[in-house]
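Participant: Next one to model:
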Amino acid sequence: MSEDVPQPVAPPTAPPPAAPLLDELLPWSVGGMRLGRDWVAAPDPGTLRARWAAVTGAEGAERERLFRPSRSRGPASGAAALPGQRSATGRFGREPGACPDPVRVLYEPFDEQWLLPDQRLIDLARPELWRVLDEHQLFLVEPPGLASPLVTAHLPAGRLGRIRPLHRRPGGAEPNLAPGLLPLLGELYRGWVTPQDVLCWVLAAARPGPRGYEVPLPADPERWRAGLELGQRLLTVQLRGARGGEPPRLPGGRRPYVRSAVTGWPGELAYDEEGESLLLGAGSIAPVPAAAWTYEAGGVRVLERWFAARCAHRASQAQGLDALGPAEWPQTWTSELLALVTTVSLLAELATERAAFEPGPALPAERLRTAGVLPPPRWARRPASVLSHQEEGPEGQFALPF
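Facilitator: I've put the predicted structure just below:
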């Protein structure tokens, strides 16, 4: 009778090394703004000026009602001027001052709107972001539910999740990257690596995980270069011509155009699949790929959310200043819609390529740790001191250095 021979037990397989987190590679981040009242943002600057005139022209209880006070802000609030912006700083109800020039912001994914840059009107304006806002800055934002972060040249001002500026100081003088990362990557990939290169790689390779966005870095320089090429195309589309670039375009035969002019106010936005047409009442835009119509961000169709934002002031539940808006459909909105159709059409095409992109064998995380790149030091998670001029605080007093 033969005895059973014990079989060797295979050693447990070690889990793959964890990829670096976006939070480690771009360590300084800021939470999103909290506006506190919807009427301070709008799809066109004329609406904001009309709302300012209405609230500043009202008095007493009517001004209070239109303002919509919160625990943080009300007509009795004074606040410092936002860095780089001109606004009064005294109590709003006593001396509102002149209407500040509206600024362009990213309000929803792929939806650029306008904002009144007056800190007396905004519950949490994040002045540290305004201090580093200039023609060199790019912002990486992390809207919940998206497969990839987004990049914008405009200040993120809506419900967009955490915000990571690419630079810690104005002028692009100091990258918001883990110290030592750029020299290490330059050595590994045998070439000069810039902060924007890292941003492009993030767009191509970052994937959501239980710990946040994971960003595997490749061991192979050729995979790095392939990711940069894909990421640069994604960045170009998302910036939509900002920072001196050319606005993205579809090839001539696929370029959308106004087939029928939008007249009056379109009651709804619809899609004709057979004719590849986007219908705005009696107006139409074509050709519009079906993938553009169904393109989603955070589970919501981008084109439908964009249209709904421009019709919000006409909704039955809109009250007070929220109900102020254009009486006729502005022609500029049709132009913006054409650009947005192009953007989401190109992103829909790139989504398949991005999903299939493989970074290849990953750079061991231990290499980043032995090089002293990870974990980033605590100071890298805090904003830099960038106050090069005096800022006016509440009631005209000067703000303390930041």
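
Participant: Going by C-alpha atoms from here, please, whenever you check contacts or count neighbours.
Facilitator: Fine.

Participant: Now for residue 375: which residues touch it?
Facilitator: 24, 178, 369 (CA atoms under 8 Å, 6 or more residues apart in numbering).

Participant: can you list the residues you listed in TSV and add distance to residue 356, neighbour count and secondary structure?
Facilitator: Formatted as TSV, the contacts of residue 375 follow (distance: CA to CA, whole Å; neighbours: other CA atoms under 10 Å; DSSP: H, G, I helix; E, B strand; the rest coil):
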residue	distance to residue 356	neighbour count	secondary structure
24	25	19	helix
178	28	21	coil
369	29	12	helix
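
Participant: Looking at those, which is nearest residue 205?
Facilitator: residue 24 (15.1 Å; CA to CA).

Participant: Just to check, the closest one is in contact with residue 374?
Facilitator: Yes: when contacts are counted by CA atoms under 8 Å, residue 24 is listed as touching residue 374 (7.1 Å).

Participant: Quick check: neighbours shared by those two?
Facilitator: Residues touching both residue 24 and residue 374 (CA under 8 Å, 6+ apart): residue 178.

Participant: helix, strand or coil for residue 316?
Facilitator: What DSSP: H, G, I helix; E, B strand; the rest coil gives for residue 316 is coil.

Participant: Also the one 5 residues further on?
Facilitator: For residue 321, the reduced secondary structure class is helix; criterion used: three-state DSSP.

Participant: That one: neighbour count?
Facilitator: Neighbour count for residue 321, taken as other CA atoms under 10 Å: 23.

Participant: OK, contacts around it?
Facilitator: The neighbours of residue 321, taking CA under 8 Å, 6+ apart as the test, are 39, 51, 54, 55, 66.

Participant: that's a helix at the third one, yeah?
Facilitator: Yes: read with three-state DSSP, residue 54 is one of the residues of a helix.

Participant: for stretch 64-80, what is the average pLDDT?
Facilitator: Averaged over stretch 64-80, pLDDT sits at 95.

Participant: Output that stretch as PDB, nothing but the C-alphas.
Facilitator: Output in PDB follows, covering the C-alpha atoms of stretch 64-80 (Å, rounded to 0.1, in the frame of the first residue of the first chain):
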ATOM      1  CA  GLU A  64     -31.800  90.400   1.600                       C
ATOM      2  CA  ARG A  65     -34.200  88.200  -0.300                       C
ATOM      3  CA  LEU A  66     -32.400  88.600  -3.600                       C
ATOM      4  CA  PHE A  67     -29.000  88.100  -2.000                       C
ATOM      5  CA  ARG A  68     -30.000  84.800  -0.400                       C
ATOM      6  CA  PRO A  69     -27.800  84.900   2.800                       C
ATOM      7  CA  SER A  70     -26.000  81.900   4.200                       C
ATOM      8  CA  ARG A  71     -24.100  81.400   7.400                       C
ATOM      9  CA  SER A  72     -21.000  82.600   5.600                       C
ATOM     10  CA  ARG A  73     -22.200  85.500   3.500                       C
ATOM     11  CA  GLY A  74     -25.000  88.100   3.600                       C
ATOM     12  CA  PRO A  75     -25.500  91.800   2.700                       C
ATOM     13  CA  ALA A  76     -23.700  92.700   5.900                       C
ATOM     14  CA  SER A  77     -20.600  90.800   4.900                       C
ATOM     15  CA  GLY A  78     -17.300  92.500   4.000                       C
ATOM     16  CA  ALA A  79     -14.400  90.500   2.600                       C
ATOM     17  CA  ALA A  80     -11.000  90.900   1.100                       C
END
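
Participant: Use 5 as the first number for this chain going forward.
Facilitator: Sure thing, new numbering starts at 5, so read that last one as stretch 68-84.

Participant: What residues sit buried inside that stretch?
Facilitator: Neighbour counts over stretch 68-84 (16 or more other CA atoms under 10 Å) mark 68, 70, 71, 72, 73, 77, 78, 79, 81, 82, 83, 84 as buried.

Participant: and what of stretch 53-67?
Facilitator: For stretch 53-67, by 16+ other CA under 10 Å, it's 53, 55, 56, 58, 59, 60, 67.

Participant: what's the closest of the contacts of residue 379 to residue 337?
Facilitator: The nearest member of those to residue 337, counting by CA to CA, is residue 28 at 39.2 Å.

Participant: so where's the protein uncertain?
Facilitator: Across the chain, the ranges flagged by pLDDT under 70 are 5-21, 390-406.

Participant: which stretches of it form helices?
Facilitator: Taking DSSP state H as the criterion, the chain contains helices spanning 26-29, 49-61, 64-71, 131-135, 185-193, 199-209, 225-243, 294-297, 306-315, 335-360, 369-374.

Participant: Switch those helices over to TSV; also include distance to residue 152.
Facilitator: Rendered in TSV, the data for the helices of the chain read as follows (distance: least, CA to CA, whole Å):
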stretch	distance to residue 152
helix 26-29	11
helix 49-61	30
helix 64-71	36
helix 131-135	22
helix 185-193	21
helix 199-209	6
helix 225-243	11
helix 294-297	18
helix 306-315	15
helix 335-360	10
helix 369-374	21
